[in-house]
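**Student:** just the structure for this:
(2 chains, ligands or ions: 1)
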Amino acid sequence: MYDSGKVITGIIVFLIIITFPVWYNVARGKANYVPELEYPVDTGRCVADSAYIRAYHMDLLNTWRDQVVREGIRVYRAADGRTFEMSLSNTCMNCHQSKENFCDKCHDYLSVSPYCWDCHIDPKELKR
Amino acid sequence: MHLFFSLAAVLVLLILVFIGVDVVGWRYLFGVVIPIATIISFILGMLYRVIKWARSPVPFRIPTTCGQQKSLSWIKAGNLESPHNIWGVLGRMVLEVLFFRSLFRNTKVSLKEGPRLVYGSTKWLWLGGLVFHWSFLVIFVRHFKFFAEPVPAWVMALQNLDGFFQVGLPIIYLTDIAFLAALTFLLLRRLVDPKLRYISLAADYFPLFLIIGIAVTGILMRYFTKVDIVGIKEMAMGWLNLAPVVPAGIGTLFYMHLFLVCCLFIYFPFSKLLHMAGVFFSPTRNLANTNRVKRHVNPWDYSVKVHTYEEYEDEFRDVMKAAEMPLEKE
Ligand code: HEM
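**Tutor:** A predicted model of the protein is given here:
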């Protein structure tokens, strides 16, 4: 091999960069971490089924925001006819009491930072 | 022909995932075996190709310069354009790798009225290439969120910068738009110009369609039909810890995205995409123009048996002297 010093340096830099996640995870020691959520005791009261909520809660909240803020509609009629107040703090968080042990768990895991919380506050967090 | 073959190839790959995952249910194959095999094959493939290149000697400098070579002290040397030391070479390499400097010099020939042959500068390919590669890099780095726990702060910072304008929900990444736009341009470029179309091969279209497929499936997943990204991160972390898991309920769209990515990385070391490593091996970029300052010896020169004049004279000195021929040494 010619110029082996330079070529090997290059190869090592390449390997370090592409294996970055491996050694990063070893150093941080959280490789096996899986978020565990604190679910509400009283299940089955949600405004929609859990598969939909898990995938599309952000869309739902976004629609709610638009309807409340822009159109002044405050009542949400669920697919099965039940009605709810369109409110993150008062409806959702009535059951999902802990932002920290519920919302944040997955959001932090995937580095999602919803800017809802820029204004809306978690009442529990405020008390502390 | 090349175009439709490549398009069909990518569609077949997608159908393969659909059959494999949805019909047969080989989630473990598509979610664990193929990705891990891809990582291994990519690394070994890259090493194989790079080491193979490094085994070819490049004994002589190839100075394709457009600057003044280093010469007398009162003549100003262009160290970037015609490097005479390591710093010049490094500068030229960095600018080449990060900003595609030689592509910036791209020219276009056209026949104007007259007839007049005109050479003009054309920067579109440079711009499209630059946008494509940089957005690819940013997207690639942003994906570390699936491979690192906790997500590093700089990945988050990059992500926030990318979504700076907070348009839409989920927030639209600028690089997603730039990526799609650049890919469209790069594809159209080959299709619109008859000359380029003529020289474009399946090896040109296939990677383009593959990457377009990856971009489209990724964008569909993020903005349109959601997939379970918590499960996806568990799965991705499983490859790295060698503790594979296949969480249930990850959508087929993700398996399609992943399989195209795997195809891309398996294909990578054995195709033109290897220019990622090749750019570092470009003799016209990475060698200083030291043809005159230093003696460069060809390492594979055959050691020819020579008979020098001195030896000749030594051999025939007596005869030459007798014939009164002039001698170098008496
Ligand atoms: C070179 C490789 C890849 C490219 C070019 C690519 C490209 C993209 C693009 C353009 C998006 C749209 C959203 C965004 O920009 O973040 C996306 C989303 C996504 N990609 Fe990839 N991807 C690659 C590899 C992977 C791999 C290896 C995985 C496996 C973990 C993956 C999983 C995902 C997921 C789950 C999403 C949806 C993200 C979300 O909902 O926030 N991608 N990809």
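
**Student:** state the helix or strand in which the closest residue to B:Phe30 other than its chain neighbours lies.
**Tutor:** Among residues not flanking B:Phe30 along the chain, B:Tyr255 sits closest, at 4.9 Å (CB to CB, 6 or more residues apart in numbering or on different chains). The C-beta positions use only the backbone N, C-alpha and C, and glycine is treated the same way. Using DSSP states H and E, B:Tyr255 sits in helix B:252-267.

**Student:** then that helix to CSV, C-alphas only?
**Tutor:** Coordinates of each C-alpha in helix B:252-267 appear next as CSV, following Å, rounded to 0.1, in the frame of the first residue of the first chain:
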residue,chain,number,x,y,z
THR,B,252,-44.7,-1.1,6.0
LEU,B,253,-43.7,2.3,4.7
PHE,B,254,-40.9,2.2,7.2
TYR,B,255,-39.7,-1.1,6.0
MET,B,256,-39.7,0.3,2.5
HIS,B,257,-37.7,3.3,3.5
LEU,B,258,-35.2,1.1,5.4
PHE,B,259,-34.9,-1.5,2.6
LEU,B,260,-34.1,1.2,0.0
VAL,B,261,-31.5,2.6,2.4
CYS,B,262,-30.0,-0.8,2.8
CYS,B,263,-29.9,-1.2,-1.0
LEU,B,264,-28.2,2.1,-1.3
PHE,B,265,-25.5,1.3,1.2
ILE,B,266,-24.9,-2.2,-0.2
TYR,B,267,-24.6,-0.7,-3.7
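
**Student:** quick check: what element follows that helix along the chain?
**Tutor:** As assigned by DSSP H and E, the chain's next helix or strand after helix B:252-267 is helix B:275-278.

**Student:** contacts for that following helix next, please.
**Tutor:** Applying CB atoms under 8 Å, 6 or more residues apart in numbering or on different chains, the contact partners of helix B:275-278 are A:14, B:46, B:49-50, B:53, B:268.

**Student:** so the residue nearest to B:Phe30 makes contact with B:Val17?
**Tutor:** Yes - with contact defined as CB atoms under 8 Å, B:Tyr255 reaches B:Val17; the gap is 5.1 Å.

**Student:** what sits in contact with each of the two?
**Tutor:** Residues touching both B:Tyr255 and B:Val17 (CB under 8 Å, 6+ apart): B:Phe30.

**Student:** could you dump the contacts of helix B:275-278 to a markdown table with secondary structure, pLDDT and neighbour count?
**Tutor:** Compiled in a markdown table, the contacts of helix B:275-278 are given as follows (DSSP: H, G, I helix; E, B strand; the rest coil; pLDDT from 0 to 100; neighbours: other CB atoms under 10 Å in any protein chain shown):
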| residue | secondary structure | pLDDT | neighbour count |
| --- | --- | --- | --- |
| A:Phe14 | helix | 95 | 17 |
| B:Met46 | helix | 97 | 20 |
| B:Arg49 | helix | 96 | 17 |
| B:Val50 | helix | 96 | 22 |
| B:Trp53 | helix | 94 | 17 |
| B:Phe268 | helix | 97 | 20 |
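
**Student:** which two among those are spaced furthest apart?
**Tutor:** Pairwise distances across those peak at 15.1 Å for B:Trp53 and B:Phe268 (criterion: CB to CB).

**Student:** name the residue of the stretch 1-150 of chain B that lies nearest to the ligand.
**Tutor:** The stretch 1-150 of chain B approaches the ligand most closely through B:Phe146 (4.2 Å), counting by CB to the nearest ligand atom.

**Student:** per-residue pLDDT, the residue lying closest to that residue once chain neighbours are set aside?
**Tutor:** Once flanking residues are discounted, B:Phe146 sits nearest to B:Ala236: 4.5 Å by CB to CB, 6+ apart. Confidence at B:Ala236, expressed as pLDDT, is 94.

**Student:** do the same with A:Thr43
**Tutor:** With respect to pLDDT, A:Thr43 scores 69.

**Student:** for A:Asp122, same thing?
**Tutor:** 72.

**Student:** do A:Arg128 as well
**Tutor:** Note for A:Arg128: predicted pLDDT of 53.

**Student:** in chain A, which spans are helices?
**Tutor:** Here chain A has its helices, by DSSP state H, at A:4-18, A:20-28, A:50-66, A:93-95, A:104-109, A:123-127.

**Student:** surely B:Thr122 meets B:Val109?
**Tutor:** No - the criterion here is CB under 8 Å, and B:Thr122 misses it with B:Val109 at 9.8 Å.

**Student:** I figured A:Pro35 hits B:Lys233, correct?
**Tutor:** No - A:Pro35 is beyond contact range of B:Lys233, at 9.2 Å (criterion: CB under 8 Å).

**Student:** between these two, which one's more packed in?
**Tutor:** Counted by other CB atoms under 10 Å in any protein chain shown, A:Pro35 and B:Lys233 do not tie: B:Lys233 has more neighbours, with 23 against 17.

**Student:** which non-adjacent residue is nearest the more buried one?
**Tutor:** Using CB to CB, 6+ apart and skipping residues adjacent in sequence, the residue nearest B:Lys233 is B:Phe146, 5.0 Å away.

**Student:** with B:Tyr205 as the reference, measure out to the one you found.
**Tutor:** 29 Å (CB to CB, to the nearest Å).

**Student:** ok, back up a step: so what does the helix or strand where the residue nearest to B:Phe146 lies touch, helix or strand wise?
**Tutor:** Using DSSP H and E, B:Ala236 falls within helix B:229-241. Applying 3 or more CB pairs under 8 Å, 6 or more residues apart in numbering or on different chains; DSSP states H and E, we find helix B:229-241 packed against helix A:20-28, helix A:104-109, helix B:34-54.
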